[in-house]
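Enquirer: Test case, fold it:
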Amino acid sequence: MLIHAANNKNLKQAADCLQAGGLVAFPTETVYGLGAVATNSLAVARIFSAKQRPQFNPLISHFSSAEAALAAGHRNNAATRLAAAFWPGAMTLILRRPKNSLITALASAGTDTLAIRVPSHPAALDLLERVKVPVVAPSANPSGGISPSTAAHVANGLGATCDMILDGGPCESGIESTVIDCRPELPVLLRPGPLTPEQIRDQTGIELQISKPLNQASQPVSPGQIESHYAPRATVRLNAEDKRQNEVYIGFGPSRNGLIQDFNLSEQADLIEAAANLFAVLHEADALGTAAIAFSPIPMAGLGLAINDRISRAAAPRPSPYSEASQSHFQKANSNE
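Expert: Okay, here's the model as predicted:
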């Protein structure tokens with residue numbers, strides 16, 4: 001059986017598998033990640049191959065402690081304050097990459113940056129402590145597709161390419177980590193996530209600058225920056241006040257004007273519940289084989305910023321994986337490895 005409960009016996013087996021160069025999908029508090037040892041270039045290359053991920057798109061390295069994570073890059077005052085406030089947790093920091101970094105250059109996609117995180121999920125932390133080295137772990141799904149919030153989602157999308165899948169139940173947050181670039185004097189929010197700018201400001205006094213999504217020809221310094229991402233097979237329509245023919249409708253809050261909702265992210269209009277349900281509902285809707293999915297309007301406040309970010313990227317035009325821009329970035333990343 002490919003899926004294994006995240007118990008002591010299987011966590012040991014998973015750690016042994018990673019240390020041998022294998023790929024292990026494991027739960028975090030955000031989404032399930034596809035893990036490989038970050039210092040093993042061949043293992044990291046297997047992730048890009050398994051996900052069919054463009055090699056210009058960097059990976060996040062996961063650590064078992066804030067001390068180890070910050071020591072891997074060029075830390076500064078902002079990074080230290082953020083780490084003290086929110087790690088372990090759903091936050092990724094972008095630091096300058098040391099020239100003597102032990103993490104393979106492929107994980108940084110040939111850039112001079114390093115993406116680091118300390119997850120809070122008990123199984124993820126246990127696994128990282130057993131492996132004793134950082135583990136890169138992008139979302140465990142085919143590149144550009146819907147992120148997995150259950151072990152079954154992983155098995156359906158990448159089951160044939162994983163050596164092992166650890167089942168820790170549904171993910172708590174349901175959306176990927178908040179990503180903050182700590183290299184500028186004023187830190188920049190690169191990807192909204194479970195930690196909101198308001199929470200960060202209230203707990204650290206740091207006022208984040210907000211970045212815009214990249215187009216397909218730009219070089220990302222962090223996962224989740226590419227314009228088209230998190231996409232189902234169906235086309236996606238946003239801020240829909242009506243349901244069209246042959247369209248699956250995903251609501252938020254109570255139905256209005258007699259509109260029939262096929263799914264609802266949160267009938268109580270709770271943004272935390274909506275974020276936790278987002279990818280699971282998208283998986284269910286897409287599995288119906290519909291040609292189109294419509295989302296009702298979702299507020300931009302708090303976690304609504306991250307939810308709207310994900311569904312906006314799901315609705316964006318989808319480029320060919322073999323576009324000229326993709327090939328250019330692929331060659332650049334390879335030349336720096």
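Enquirer: for the stretch 151-300 of the chain, what spans make up the strands?
Expert: Taking DSSP state E, counting those that start in this stretch as the test, the strands found in the stretch 151-300 of the chain are 164-167, 178-181, 188-191, 209-210, 235-237, 247-251, 263-264, 292-295.
Enquirer: swap that for the stretch 1-150 of the chain, please
Expert: 3-5, 24-26, 33-37, 60-62, 91-96, 113-117, 135-136.
Enquirer: buried sites along the fifth one?
Expert: Buried positions in strand 91-96, judged by neighbour count with 16 or more other C-beta atoms under 10 Å: 91-95. Every residue, glycine included, has its C-beta placed from N, CA and C.
Enquirer: Could you pull up the contacting residues of residue 287?
Expert: The neighbourhood of residue 287, defined by C-beta atoms under 8 Å, 6 or more residues apart in numbering, contains no residues.
Enquirer: Local confidence estimate at it?
Expert: On pLDDT, residue 287 comes in at 95.
Enquirer: among the strands of the stretch 1-150 of the chain, which is nearest residue 233?
Expert: strand 33-37 (20.4 Å; C-beta to C-beta).
Enquirer: Mind exporting the C-alpha coordinates of the longest helix anywhere in the chain to CSV?
Expert: Using DSSP state H, we find that the single longest helix of the chain is helix 271-287. The C-alpha trace of helix 271-287 is given here as CSV (Å, rounded to 0.1, in the frame of the first residue of the first chain):
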residue,chain,number,x,y,z
LEU,A,271,-12.7,32.7,5.9
ILE,A,272,-10.6,30.3,8.0
GLU,A,273,-13.0,27.5,7.1
ALA,A,274,-13.1,28.6,3.5
ALA,A,275,-9.3,28.5,3.2
ALA,A,276,-9.2,25.0,4.8
ASN,A,277,-11.8,23.7,2.4
LEU,A,278,-10.6,25.5,-0.8
PHE,A,279,-8.4,22.8,-2.5
ALA,A,280,-10.5,19.9,-1.3
VAL,A,281,-13.6,21.5,-2.8
LEU,A,282,-11.7,22.3,-6.1
HIS,A,283,-10.7,18.7,-6.3
GLU,A,284,-14.3,17.5,-5.9
ALA,A,285,-15.6,20.0,-8.4
ASP,A,286,-13.0,19.2,-11.0
ALA,A,287,-13.6,15.4,-10.5
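Enquirer: Helices along this structure, start to end?
Expert: 8-19, 41-51, 66-71, 77-86, 122-131, 151-158, 197-204, 271-287, 304-315, 324-335.
Enquirer: ranking the ones you listed by mean pLDDT, which is last?
Expert: helix 324-335 - the lowest mean pLDDT of the helices of the chain, at a mean of 40.
Enquirer: so what are the domain limits for this structure?
Expert: With domains defined by automatic domain parsing, the chain comprises 3-227, 235-315.
Enquirer: winner for burial among these?
Expert: domain 3-227 (a mean of 20; mean count of other C-beta atoms under 10 Å).
Enquirer: That one spans what distance, first to last residue?
Expert: Domain 3-227 has an end-to-end distance of 32 Å (C-alpha to C-alpha, to the nearest Å).
Enquirer: Can you name the residues that contact residue 221?
Expert: Listed by C-beta under 8 Å, 6+ apart, the contact set of residue 221 reads 58, 94, 111, 113, 115, 181, 190.
Enquirer: will you turn those residues into CSV that also has pLDDT and distance to residue 219?
Expert: Shown next, in CSV, are the contacts of residue 221 (pLDDT from 0 to 100; distance: C-beta to C-beta, whole Å):
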residue, pLDDT, distance to residue 219
58, 94, 9
94, 97, 13
111, 91, 7
113, 95, 10
115, 97, 14
181, 97, 13
190, 94, 13
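Enquirer: hmm, back to that, how about the strands of the stretch 151-300 of the chain, which one is nearest residue 101?
Expert: strand 178-181 (17.5 Å).
Enquirer: residues touching the closest residue in space to residue 129 that isn't next to it in sequence, list them.
Expert: In this structure, residue 129 finds its nearest non-sequential neighbour in residue 64, 4.6 Å apart by C-beta to C-beta, 6 or more residues apart in numbering. Shown in contact with residue 64 (C-beta under 8 Å, 6+ apart): 118, 125, 128-129.
Enquirer: my read: residue 144 touches residue 228, true?
Expert: Yes: assessed by C-beta atoms under 8 Å, residue 144 is found in contact with residue 228 at 6.5 Å.
Enquirer: Find residues that contact each of the two.
Expert: Contacts common to residue 144 and residue 228, judged by C-beta under 8 Å, 6+ apart, are residue 318.
Enquirer: centre of the chain versus stretch 238-248, how much separation?
Expert: Here stretch 238-248 shows a centroid-to-chain-centroid distance of 27 Å under the convention C-alpha atoms, centre = their mean, to the nearest Å.
Enquirer: Having no further points to raise, I will conclude here.
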